[in-house]
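K.L.:
Just to be clear, the model below is a prediction. Sequence and coordinates:
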Amino acid sequence: YENPSILASEDGLHFYEEFENINPLVPEPSTDHNDDPDLFYENGSWYILYLETLRPERQNLRLLESKNRRDWSNSIVREMKLSSDDSLFMLSPSYIVYDKASIFYVNRQPTGNRIEYITSASGIQDTFGSPCVLKTDMDDLNPWHIDIIKSTDNIFYMLLTTISVQKNKLKQYSLYLAKSENLREWTLSSRQILASSYRATGWIMQDDMYIYFSRETPLMKAWRIGVYKIKISDFFV
């Protein structure tokens, strides 16, 4: 499960396979699983960042690349050895470009989780540097999965899924929104977007943000994708 796959749509509501039987683009590994794909377009190519998680030994941040969305090459961007308590364990990579190319992610290893990023001077094909911690007040929220999208007026928005563990040990996920003008300083809205939302992405048209979110249905124990529209101005003064 969570193997990278791709669908297309003309209206954002009805999705289909462009090429028959293309999915999944990558099969599951022999141990553990693939997870958290992030799709983007740059310099005439389509890319999908995803994680190949092979616990307990290692985790690979991998990159799929295609010119036509049919034929995909696969390479490793970063290999992470999971040999110690302070090793980087990555969740939900999100690629975005401002002054530099950056990959934001949640590092699961530190107590409470934390958002970090790595940068490259020349885009996704270049070497990324050492991790930097995002120094932003999360208002005691525990980050789980993130995605960063850019508006037409060059404002960045982070869709932030948080996690909390209830007294009955059940995990509760919620979705919040943060914004930034430079990817380094972020303002988090105290208003929750959705409860019971596992991971999300979206796109922006003026003041409207269309959010695609994943959620497990309690009765059927099946995962579904939903779409939800918000007014950005409702979340920030």
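P.N.:
Now that the structure is in, tell me what you want to look at.
K.L.:
Show me the helices in the chain, by range?
P.N.:
Across the chain, reading from the start of the chain, there are no helices by DSSP state H.
K.L.:
Quick check: which ranges of it have low pLDDT?
P.N.:
85 (pLDDT under 70).
K.L.:
again, 80 this time
P.N.:
Flagging of the chain using pLDDT under 80 yields the residue ranges 1, 84-86, 110-112, 167, 218-220.
K.L.:
Run through the bridge partners of Leu177.
P.N.:
Per DSSP bridges, residues listed as beta-bridge partners of Leu177: Leu159.
K.L.:
Check whether it really touches Ile155, as I assumed.
P.N.:
No - contact criterion C-beta atoms under 8 Å: Leu177 and Ile155 do not qualify, at 11.6 Å. No exception for glycine: its C-beta is placed from N, CA and C like everyone else's.
K.L.:
Between the two, tell me which one has more neighbours.
P.N.:
When Leu177 is set against Ile155 and neighbours are counted by other C-beta atoms under 10 Å, the residue ahead is Leu177, at 23 against 14.
K.L.:
give me every residue that touches the more buried one.
P.N.:
For Leu177, the residues meeting the contact criterion (C-beta atoms under 8 Å, 6 or more residues apart in numbering) are Tyr157, Met158, Leu159, Leu160, Leu188, Ser189, Arg191, Ile193, Met209, Ile230, Ile232, Phe235.
K.L.:
mind running it again at 6 Å?
P.N.:
Contacts here follow C-beta atoms under 6 Å, 6 or more residues apart in numbering; on that basis Leu177 touches Ser189, Ile193, Phe235.
K.L.:
okay, the residues you listed in a markdown table with neighbour count next?
P.N.:
Listed next are the contacts of Leu177 as a markdown table, based on neighbours: other C-beta atoms under 10 Å:
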| residue | neighbour count |
| --- | --- |
| Ser189 | 18 |
| Ile193 | 21 |
| Phe235 | 20 |
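K.L.:
Can you tell me which of the residues you listed lies closest to Glu57?
P.N.:
Distance from Glu57 was checked for each of the contacts of Leu177 by C-beta to C-beta. The minimum falls on Ile193, at 36.4 Å.
K.L.:
what's near enough to touch that closest one?
P.N.:
With contacts defined as C-beta under 6 Å, 6+ apart, the neighbours of Ile193 are Leu175, Leu177.
K.L.:
Distance check, it against Leu49.
P.N.:
Taking C-beta to C-beta, to the nearest Å as the measure, Ile193 and Leu49 are separated by 23 Å.
K.L.:
for stretch 83-93, which positions count as buried?
P.N.:
Neighbour-count burial for stretch 83-93 flags Leu88, Phe89, Met90, Leu91, Ser92, Pro93 (criterion: 16 or more other C-beta atoms under 10 Å).
K.L.:
ok, and the closest non-adjacent residue to the first one?
P.N.:
Translated: Leu88. Leaving aside its chain neighbours, Leu88 sits nearest to Met80 (5.0 Å; criterion: C-beta to C-beta, 6 or more residues apart in numbering).
K.L.:
go on, the second one?
P.N.:
Leaving out its chain neighbours, the residue that sits closest to Phe89 by C-beta to C-beta, 6+ apart is Arg108, at 4.4 Å.
K.L.:
can you check the fifth one too?
P.N.:
Spatial nearest neighbour of Ser92, excluding adjacent residues (C-beta to C-beta, 6+ apart): His145 at 3.9 Å.
K.L.:
what is the one you found paired to in the beta sheet?
P.N.:
With DSSP bridges as the criterion, the beta-bridge partners of His145 are Thr161.
K.L.:
Pull the number of nearby residues for it.
P.N.:
A count of nearby residues for His145, using other C-beta under 10 Å, gives 25.
K.L.:
quick one: contacts for it?
P.N.:
Under the criterion of C-beta under 6 Å, 6+ apart, the contact list for His145 reads Ser92, Thr161, Arg199.
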